[in-house]
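Enquirer: next input, structure requested:
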Amino acid sequence: MVGAVIYVRVSTKEQTENLSLPTQLRACEEYCRRQGYEVVERFHEEGESAKTTDRSQLQNLLTYCRLNKGRVHFVVVFNLTRFARDKYDHFALRSHLQSLGISLRSATEPIDDTSTGKLMEGVLAAFAQFDNDCRSDRTRAGMKAALELGRWVFLAPIGYINAPRAMGKSLIHDPERAPLVRRAFEDYATGQDLGPHQSTRTTTHVTNDWHAAAQPVVRGHCGCARVRRS
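Expert: Numbering: from 1, shown residues only. Below you'll find the model as predicted:
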């Protein structure tokens with residue numbers, strides 16, 4: 001018997017339908033059927049990025065392969081971007097699998113243990129990282145452009161909530177916390193003791209760290225020192 005385990009992954013719940021978990025699983029199972037592999041286990045990774053190997057189901061897969069050495073011969077993925085998006089992580093994981101007598105296979109890409117297959121694997125692993133790097137570059141460029149237009153692109157500070165894009169705003173006042181934060185700042189500005197309102201702020205989960213007053217956004221400014229114009 002030639003045993004195989006299937007590993008499928010999506011990074012977010014909003015993953016495109018073409019890479020949904022059921023779609024990946026069907027393709028991997030069909031690949032195993034054509035190759036004559038018996039699927040002995042399936043690992044579903046949801047909401048995890050391939051930028052790191054510290055993924056719960058990936059670690060479970062590695063543990064399973066170690067405990068079932070000799071029974072598992074192949075790890076099958078939909079494509080190599082599902083396995084890793086860093087070429088060094090890719091080959092470190094692949095080397096670990098090889099030490100257990102296990103080879104990596106892609107249901108949609110021509111990789112195997114031949115010289116040509118290894119070459120294709122190297123190219124595809126590098127392209128997976130290239131694609132990920134390009135995504136990061138576009139994200140940073142978009143954030144920089146939004147900041148220059150005065151939009152807030154980070155997690156909303158206390159007293160605010162992130163506004164839906166359709167509203168045309170970056171931040172809106174939190175209807176529950178904003179009045180409490182405003183009152184606390186007013187008291188602080190007039191030199192009043194914040195102690196009498198301690199229990200109110202605690203029960204409404206308002207932070208006690210009043211250094212938040214130094215945040216530019218609280219004073220009506222939007223910017224980021226880490227973003228420089230080129």
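Enquirer: and this structure, what are its domain boundaries?
Expert: 3-136, 160-219 (automatic domain parsing).
Enquirer: now the strands: where do they sit in this protein?
Expert: Assigned by DSSP state E, the chain shows strands spanning 3-10, 38-46, 74-77, 103-106, 160-162, 171-173.
Enquirer: most centrally placed residue in this protein?
Expert: Per C-alpha atoms, centre = their mean, the C-alpha nearest to the average position across the chain is that of residue 49, at 3.7 Å.
Enquirer: burial of residue 184, as a residue count?
Expert: Look at residue 184: counted by other C-beta atoms under 10 Å, it has 23 neighbours. In short, each C-beta sits where N, CA and C put it, glycine included.
Enquirer: any figure for the gap between it and residue 156?
Expert: 17 Å (C-beta to C-beta, to the nearest Å).
Enquirer: please apply the same query to residue 29.
Expert: For residue 29, the distance to residue 156 - C-beta to C-beta - is 43 Å.
Enquirer: again with residue 122
Expert: From residue 122 to residue 156 the distance is 43 Å (C-beta to C-beta).
Enquirer: what of residue 45?
Expert: With C-beta to C-beta as the criterion, residue 45 and residue 156 are 29 Å apart.
Enquirer: same question for residue 22.
Expert: 35 Å.
Enquirer: among those two, which residue is more densely surrounded?
Expert: residue 156 (16 against 10).
Enquirer: rewinding a little: and the domains of the chain as CSV, adding mean pLDDT?
Expert: Putting the domains of the chain into CSV (pLDDT from 0 to 100) gives the following:
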stretch, mean pLDDT
domain 3-136, 90
domain 160-219, 62
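Enquirer: of all those, which one comes closest to residue 142?
Expert: Shortest distance between residue 142 and those, using C-beta to C-beta, is found for domain 3-136: 10.6 Å.
Enquirer: now do the end-to-end distance for the closest one.
Expert: 37 Å (C-alpha to C-alpha, to the nearest Å).
Enquirer: likewise for stretch 63-77?
Expert: First-to-last residue span, stretch 63-77, C-alpha to C-alpha: 17 Å.
Enquirer: hmm, residue 8 is touching residue 29, no?
Expert: No: applying C-beta atoms under 8 Å, one finds residue 8 not in contact with residue 29, separated by 10.0 Å.
Enquirer: now do the same contact list for the residue lying closest to residue 61 once chain neighbours are set aside.
Expert: Excluding the flanking residues, the one nearest residue 61 by C-beta to C-beta, 6 or more residues apart in numbering is residue 43, at 4.7 Å. Contacts for residue 43 (C-beta atoms under 8 Å, 6 or more residues apart in numbering) come out as 5-8, 57-58, 60-61, 64.
Enquirer: ranges for the helices of this structure?
Expert: All helices of the chain, identified by DSSP state H, fall at 21-35, 56-67, 80-83, 87-99, 115-148, 178-189, 198-203.
Enquirer: so which of these has the densest surroundings on average?
Expert: Counting by mean count of other C-beta atoms under 10 Å, helix 80-83 has the highest mean neighbour count of the helices of the chain, with a mean of 23.
Enquirer: can you redo the helices of the chain as TSV with distance to residue 105?
Expert: Formatted as TSV, the helices of the chain follow (distance: least, C-beta to C-beta, whole Å):
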stretch	distance to residue 105
helix 21-35	7
helix 56-67	14
helix 80-83	10
helix 87-99	11
helix 115-148	10
helix 178-189	54
helix 198-203	55
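Enquirer: please identify which of these is closest to residue 108.
Expert: helix 21-35 (6.4 Å).
Enquirer: that closest one versus strand 38-46: what angle between them?
Expert: 160 degrees (axes from the mean of the first three to the mean of the last three C-alpha atoms, to 10 degrees).
Enquirer: no more questions from me, cheers.
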